[in-house]
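Colleague: coords below, sequence missing:
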């Protein structure tokens, strides 16, 4: 990744807005909306990729459609903070884990995971997380509803 600081302008912001809303939108359609050529869109996207502003494109899989209706967040406290790298390697092996953040505050990690039901969640907590060497304790927060789900705003700073 090129670490040169690429300064985005209003056209780049428009491009990013279109790509965030639909990563499969044709560059020519974005070009028409922005009033520039398709080649210019391609060049700008390439520059943003090279500078690390954007990377690839993804399909969004809805967990509920796969039967993963329970979303939970788990605060993890370690026995010894210096063991965090080995603990993360074990956490990464758990397929239900979607995100793991190294955080400040009362916990070492905050983990987001998806399970089929509460029994599945309990199984992960008791038979998986509590068996990972280095984890002292966990505290679980079950999401009742996700009220906001968005990408970074392209027009806010």
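Modeller: That came in fine, so what should we check first? All of these numbers come straight from a predicted model, not from anything done at the bench.
Colleague: Let me know the helix or strand that the spatially most central residue of the chain is in.
Modeller: The centre of the chain sits closest to residue 99, judged by Cα atoms, centre = their mean, with a distance of 6.6 Å. Under the criterion DSSP states H and E, the helix or strand holding residue 99 is strand 97-102.
Colleague: So what are the sheet partners of that strand and their directions?
Modeller: strand 109-115 (antiparallel) (DSSP bridges).
Colleague: got a list of contacts for the strand it pairs with?
Modeller: By Cβ atoms under 8 Å, 6 or more residues apart in numbering, the surrounding residues in contact with strand 109-115 are 63, 68, 70-76, 78, 84, 87-88, 91, 94, 96-103, 121, 124. C-beta here means a position set from N, CA and C on the backbone, and glycine is covered the same way.
Colleague: Count the neighbours of the nearest residue to residue 76 once chain neighbours are set aside for me.
Modeller: Closest residue to residue 76 apart from its sequence neighbours, by Cβ to Cβ, 6 or more residues apart in numbering: residue 109 at 4.2 Å. Counted by other Cβ atoms under 10 Å, the residues lying close to residue 109 total 20.
Colleague: bridging residues for residue 109?
Modeller: In this structure, residue 109 bridges to residue 76, residue 102 when assessed by DSSP bridges.
Colleague: Equivalent analysis for the one 5 residues further on, please.
Modeller: The residues listed as beta-bridge partners of residue 114 by DSSP bridges are residue 71.
Colleague: All set now, cheers.
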